Each structure stands twice: as structure tokens, then as C-alpha cells.
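> Here is a sequence together with a model predicted from it:
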Amino acid sequence: MKNYITTPIYYVNGEAHIGHAYTTFIADTLARHSRLVGNETYFLTGTDEHGQKIEEAAKKLEKPTQQFADEISATFKNLWDEFDISYDQFIRTTDPKHMQGVQAAFEKMVAKGDIYKDFYEGNYCVSCETFFPESQLMDGGCCPDCGRATTIVKEESYFFRLSKYEQPLMDYYEAHSDFILPKSRKNEVISFVKGGLHDLSVTRTSFTWGVPVPASLNDNKHVMYVWLDALMNYVTALGYGHDEAKMGFWPANTQLVGKDILRFHAIYWPAFLMSLDLPLPKRIGAHGWWTRDGEKMSKSKGNVVDPREVAHHYGVENLRYFMMREVPFGQDGDFSQRALIDRMNSDLSNDLGNLLNRVIGMSEKYSDFSIDSVNVLKYHTKEIEDAHAILGTLETYLNDLQFHRYLEELWKVFTIGNKAIEEHAPWVKIKEGRNEEALATVALVANLLAKASVMLHGVMPKTTATIADALGFEITTQNYQELIINKKLLQLFTIKKVPPLFPRVDEPLMQEAPKAMIEEAPKAPKEEKSLKTEAPSADGLIAIDQFFQTSLKIGMVVEAEEVPKSSKLLKLQVDLGEGTLRQIVAGIREHYSAESLIGTQVCVVANLKPAKLMGMVSEGMLLAAKDSDGLSLIRPEKPRVIGSVIG
Ligand code: MSP
């Protein structure tokens, strides 16, 4: 199947911000997934370089307009290259081939009888490059979209017969219920069209920075309206009007836009295409805005988040994951560093990273890094079936552009893996000599990780390639077929140690982050505050409620390893019954071997602020007693349910 995916082309009046990155990440995810499943895929992005807005921005900087456009366009392209965006083409509207294509389209519209010459008088918003009828203006004649003052423009203009397409558009919306996604946006478009479509002024004489109308019109003072020019990029990129070699990719499968430009894409663009006798795209996906404190980001408000800075700080793939997981497609989302860190620590580090570390650790200990799936179905049919049931629903979410649901469901596969380890405790089975069962659980988890990585590839291409490398396979179309469609298991894994993929992010890193991203640190939990402020009384006694401010719990050591270059420290993964494991770095190596702790119960201080020891986060403390004879851990007299409260 051919699959053409586009982003809007970005104005070159300023550099990219997080909102632009969001659209591009989504398109890249769709394109990568599409290639993986074996579609012939074409992914287009680029820059929108004509119009009065760009001309004025260049003038302000006293730069030739083309030079200005070249410079800003390059910043977009460089950023996408830095972010490893897998576009097949980066189009620029100042490219002569594109301009030739736009002129060919204009000629065709003229031949069709859809273009006529008249006068236009109206209120024009330069920032939005749009005329607005009086009835739509806000107080003081301001633009209804951006709120800026409009100017009255009267000029000779060519018009496109948009009114002619009112009914055909309505018919199309009715017949194609998935044309506009999310579906909730469809009504908005329909009521706009129902309100009546005026013919559209599609040329200007008041400035020159645009595509001239075709020479055949013999009217060289007219340049084309920037939106006609810009929208045509989606087909000129495929060769429309010059070299039509790639036109086989039309119609596009998915055209992504922000909600502010949905009207142009869901009304003008389909009408232009109908005029050109070209089919309409399969779906227009309109996403919401990223905001700061509820306001749309914009340079003038000074509340823009620079995607390069965030990526530099937290990693581009973590940012991709966060943006797609955090906010349902179509809704606005406030960009918050804390929310990003929470996702990294909980979803990526705890759920995914830990699972991989456990597979690597257990395979090293129990089977010298080799894993065989031969007994997986003997012991874990249910887990494999559950995972396939989840994996089988994922494509639907992608088709509906429900990325947050896609990832939410995908994460359930990791939950199955984490649960299987906790329930089947391979370390206990090994101790009991039930090696076959223990190794089957490790192999189950390796398989779950392999399958989930394949489906996560579109969102986190490099990370999943590393996971695949650690598990000894590759993410390819063939493996997608085998692991996801044919539901096969990878027979033999040769595990490779990789450095932890998702080190937890702690408070200090947050404070180093770019200023625009820093939020107030969360208020310290009340109990912690009172612990610090309420000093013990003069006799050294504390009240009972002060004692209960310390959360003490029974935990089970699930994994333990020595910390390299430290004679004192052991790194433990402790189960406190919270669904995810806690990492605790404890100074007990001189008294306990790592091996001897696995599978034993300990008493944990569970509400300590995380701290770093030798660069590793520790999320709790073990209770122990020390005297001149040595140190011993405090343990329950009889094993207790994991997570039981001590006190
Ligand atoms: N040049 C036009 C598009 C022409 S497409 C034929 C344009 N460019 S833009 O640079 O202003 O915006 C490009 C995209 O970025 C739009 O989809 C817009 O919605 C999106 N975003 C701009 N600010 C945004 C946020 N704050 N959040 C999310 N997306 C935002 O419009």
C-alpha cells in the first residue's frame, strides 16, 4: 500500500518551537511505523516562505527576503535532521519547481472556470494572511483568530469560486465520516461551511513576495495568495505541474495540522482539489495546542519552549514519547517539565527500563546470557495470549490518531511482563532447582519486550533499536510479520548488556533545565515538613504521630548486584507491592553478598526523598542494626505480605 503523510509547512518568520516539533514527531512516528509494516511510504515536510508576513519580517532585519527565508528554512531542516526525522522530502515554497506547479494549478482552475477577476475590499490580518468579513471581526476590528489589528485593503484580485464547492464539500463530509479527526472537530468545519462560503480572493497586488500568476494571464502585478501557494505544496512535492513521477502517492493518507489551520485544510484545500479534479486526502488530523500556563505559545508572549533545549536535556525520544503519551490527540496540553519527568521516571524507567534490566540481569545469572523460548508456552500461555490480544488492537488506535491510547495499551504488555516476574519469582525457582520454569519466565519477558519494542519503534526508533540489540534481534518488516502478525516467538535470544536506557531523572537535573521549562518545585509533603520543623521535646521524646510520619514497609529483594568500584554498596531492586520496583542503594556489601539477599524480606523506610549514591538513585533505606560484631538487617520474624505496614 502507498502511504503519503504530510506535516504543515512551517512559516519562516521564526524558528521552530515545541508545537512544530509535536506535529513533526507525530508524522515521523506514522511514517516509521508505516515503513515497518511494509507500506511504500512518503513523508513530506518543509517551509512556507512567501507572503507579506515573511516580507515584513525580513525587512525588519534589513535582510533580502530570500536570504532571510533561506536562513530560517535551514534552521527547521537542521533541527529535523538533528532529531533524526525521517522525512523523504523537505519542500520549500520558494523552490522554482513548486512555483511552476502552483502556476499550473492556477491555470487549470482558470480553465475550469473557477477563477475570475474582481475587486476586493476587506479587513486583512497580515499575521494570519487572511481576509475576514466584518461580521467575524472582534472588537475594534481585530482578527478573530489571533486578536491582532486588521487593516482595510482594497485591491484588484482574482477570486476562486469557493461558493461553488459548498454543497460538494458538505456531501463529501457526510460520505466520509473519518475525513476529519478527531471527529469532534468535524462539526466545527460543517457549521462554518453551512454559514455560507464566500468566494476567496487568491491574488494580491499590494506586495510582490509570492508566486506570480501564470504568464498566460498577462497580469504580472498579481502574486498568489500565500495559502493557495502553500496548500499546493502537498501535490507539487509529488511533481504536480512539473514532473509527475511521484503523483502515485496522491491522495495523501494522513495530513496533520494544528487546529488553528484546520479550516484551510478541511475547506479550501478540498475545494482546490475538486477544482483540479484530484482526489481528496483520506484524513486530516487536527491536533491541539501546546500551551504554557494555559496560553498558546508564541514568540511575542515570550512563553515559547525550545525543543532543542528540551531534547538536549532529556533526550529527543523521551520528549517524543512524552508528547504523544501525555495529551490526547486533538486536545490542548500544558507543557510541563514535571509531567515530562514523571513520565520518564514511571513509564520509561520503572516499567520499561527495569523490565529490560531484569531480563539482562537474570539471563546473565541463570543462563549465561542465552535465552530459549522453548518452554514459554508450557508455562505462560495466558500471558502470551493476553499480550497478543493487546498488540492486535494497537493498529486501530494508530489509524484513529489516538496515540495516547496506543501507548497506554502498549504499556500493558510491560505490565504483563513485570507481573509475571513478581508472581513467578524466577530467583526462588532457581533456588528450588526448578530451572526450566525460571528460564521460561525470563524467556517470556524477553519475548514480550521484543514484541512491544517492535510496536514502539515508530515513537522511539533509536531506543527500540537498542532494546532489540540487547535482545539479539532486529526491528524489521519481517520481524514485524513474525512477532506481531504471525504471533511467533523469537526462538533463541543472545542477550547483550546495554547501559541503562532510562536513568531516573531527579530534582537537581530539573533545576539545571532551561528557564522557560522550570516550574515551581512540588510542595514538600506536609508530613515531611512537620518532621523537620517540629523538634523533639526537651526530653528527646516524640509524639506517636511524629513516629507515624515515617512510612515503614515490608519489602522483598528481587534483584541485587554489587556496585562496581564500591566496596560498601549493593544496588537492590525491592518490591514494596507498589506495582513497580524501588531501587535502593544500601551500604551493606561488607556484611551481605548480593546473591544471599535475593528473595529475602527486608524492612524499608519508604517515604524518604530519593537521593543519589555514586550517581545512582536510591529510593528508600533498609533498616539494620550495627554493633562491634557487625551489621544485621532487621527482618520480620515470619514472612509478611509484601508492602505490609510496619508500626
Ligand atoms: N504556514 C502555515 C501552514 C501552511 S500548510 C499548507 C502555518 N505555519 S505555522 O508555522 O504558523 O504553523 C505550523 C503548524 O504549527 C500549525 O499546524 C500550527 O497549528 C502548529 N503550531 C503552532 N503553534 C503551536 C502550538 N503552540 N502548539 C501546537 N502546534 C502549534 O500555519
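Looks like it arrived, so ask away.

> so what pLDDT did the closest residue to Leu631 other than its chain neighbours get?
In space, Leu631 comes closest to His591 once its chain neighbours are excluded; the distance is 4.5 Å by CB to CB, 6 or more residues apart in numbering. C-beta: built from backbone N, CA, C; applies to glycine. Model confidence at His591, given as pLDDT, is 90.

> Can I take it that His591 is in a helix?
No: using DSSP: H, G, I helix; E, B strand; the rest coil, the assignment for His591 is coil, not a helix.

> is it true that it touches Ser632?
Yes: at 7.3 Å, His591 and Ser632 qualify as touching, with contact defined as CB atoms under 8 Å.

> all strands for the stretch 301-450 of the chain, in order.
Remark: strands assigned in the stretch 301-450 of the chain by DSSP state E, counting those that start in this stretch are 333-334, 370-372.

> Can you say which of those is nearest to the ligand?
strand 333-334 (8.6 Å; CB to the nearest ligand atom).

> avg pLDDT for the closest one?
92.

> Likewise for stretch 376-388?
pLDDT averaged over stretch 376-388 gives 98.

> picking that back up, so between His591 and Ser632, which is more surrounded?
Taking neighbours as other CB atoms under 10 Å, His591 and Ser632 compare with His591 leading, 16 against 13.

> which residues sit against stretch 371-387?
359, 363, 413, 416-417, 420, 424, 436-437, 439-444, 446-448, 451-452, 487, 489-495 (CB atoms under 8 Å, 6 or more residues apart in numbering).

> Filter these down to just the buried residues.
By neighbour count, with 16 or more other CB atoms under 10 Å, the contacts of stretch 371-387 hold 359, 363, 413, 416-417, 420, 424, 437, 439-444, 446-448, 451-452, 489-490, 493, 495 as buried.

> mind listing what Leu273 touches?
Here Leu273 is in contact with 279-280 (CB under 8 Å, 6+ apart).

> How about the secondary structure of it?
Under three-state DSSP, Leu273 comes out as helix.

> And it, how close does it get to Trp250?
Here Leu273 is placed at a distance of 9 Å from Trp250 (CB to CB, to the nearest Å).

> go on, Glu56?
34 Å.

> So for these two, which residue has more residues nearby?
A direct count of neighbours by other CB under 10 Å for Glu56 and Trp250 places Trp250 higher, at 21 against 15.

> Just to check, the more buried one is in contact with Ala237?
No: the pair Trp250 and Ala237 does not pass the contact test of CB under 8 Å, sitting 9.7 Å apart.

> Point me to the residue of the stretch 101-250 of the chain nearest the ligand.
Ala230 (3.8 Å).

> Leaving out sequence neighbours, find the closest residue to that residue.
Nearest to Ala230 is Asp48, by CB to CB, 6+ apart, at 4.6 Å.

> One more: Val305?
Ile18 (4.3 Å).

> cool, and Lys77?
Nearest to Lys77 is Phe90, by CB to CB, 6+ apart, at 5.3 Å.

> contacting residues around that neighbour?
By CB under 8 Å, 6+ apart, the neighbours of Phe90 are 45-47, 76-77, 80.

> cool, Ile54 as well?
11-13, 65, 68-69, 209.

> quick one, strands of the stretch 501-647 of the chain?
Using DSSP E, counting those that start in this stretch, strands in the stretch 501-647 of the chain cover 552-562, 570-575, 581-586, 601-605, 611-613, 616-618, 621-622, 624-627, 630-633.

> Give me the sheet partners of the fifth one and which way each runs.
Using DSSP bridges, the strands paired with strand 611-613 in its sheet are strand 616-618 (antiparallel).

> Most proximal residue of the stretch 251-400 of the chain with respect to the ligand?
For the stretch 251-400 of the chain, CB to the nearest ligand atom, closest residue to the ligand: Gly258, 1.6 Å.

> How many neighbouring residues does the closest residue to that residue other than its chain neighbours have?
Spatially, and ignoring its direct neighbours in sequence, Gly258 is nearest to His287 (6.0 Å; CB to CB, 6+ apart). If you count neighbours by other CB under 10 Å, His287 ends up with 26.

> same question, Thr396
Thr396 has 12 nearby residues by other CB under 10 Å.

> Which helix or strand contains the residue of the stretch 101-250 of the chain closest to the ligand?
helix 226-231 (DSSP states H and E).

> counting contacts, what elements does that helix pack onto?
In terms of contacts (3 or more CB pairs under 8 Å, 6 or more residues apart in numbering; DSSP states H and E), helix 226-231 is packed against helix 96-111, helix 269-275.

> now the shortest one: how far from the chain's centre is it?
Read that as helix 269-275. Relative to its parent chain, helix 269-275 has a centroid offset of 31 Å by CA atoms, centre = their mean, to the nearest Å.

> Can it be said to contact the ligand?
No: shown here: helix 269-275 not in contact with the ligand (CB under 6 Å from any ligand atom), separated by at least 7.8 Å.

> Show me what whichever helix or strand comes after that helix is in contact with.
Downstream of helix 269-275, the next assigned helix or strand under DSSP H and E is strand 283-287. With contact meaning CB under 8 Å, 6+ apart, strand 283-287 is reached by 22-23, 26, 178-182, 185, 253-259, 262, 265-266, 329-330, 401.

> Can you tell me the strand partners of the next helix or strand after strand 283-287 and which way each runs?
Using DSSP H and E, the helix or strand that directly follows strand 283-287 along the chain is strand 290-292. If you go by DSSP bridges, strand 290-292 pairs up with strand 295-296 (antiparallel), strand 333-334 (parallel).

> picking up where we left off before, intersection of neighbour lists for Leu273 and Trp250?
Pro279.

> right, and the residue nearest to Ala230 touches Asn13 too?
No: look at Asp48 against Asn13 with CB under 8 Å: they stay out of range, at 9.4 Å.

> Who has more neighbours out of those two?
Asp48 (26 against 20).

> so what's the residue nearest to Ala230 up against?
Contacts of Asp48 (CB under 8 Å, 6+ apart): 8-12, 93, 226, 230, 233.

> got JSON lines for those, with neighbour count and secondary structure too?
Compiled in JSON lines, the contacts of Asp48 are given as follows (neighbours: other CB atoms under 10 Å; DSSP: H, G, I helix; E, B strand; the rest coil):
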{"residue": "Pro8", "neighbour count": "24", "secondary structure": "coil"}
{"residue": "Ile9", "neighbour count": "25", "secondary structure": "coil"}
{"residue": "Tyr10", "neighbour count": "23", "secondary structure": "strand"}
{"residue": "Tyr11", "neighbour count": "22", "secondary structure": "strand"}
{"residue": "Val12", "neighbour count": "28", "secondary structure": "coil"}
{"residue": "Thr93", "neighbour count": "26", "secondary structure": "coil"}
{"residue": "Val226", "neighbour count": "24", "secondary structure": "helix"}
{"residue": "Ala230", "neighbour count": "27", "secondary structure": "helix"}
{"residue": "Asn233", "neighbour count": "26", "secondary structure": "helix"}
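
> could the residues you listed go into CSV alongside pLDDT?
Shown next, in CSV, are the contacts of Asp48 (pLDDT from 0 to 100):
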residue, pLDDT
Pro8, 98
Ile9, 98
Tyr10, 97
Tyr11, 95
Val12, 95
Thr93, 98
Val226, 95
Ala230, 98
Asn233, 98
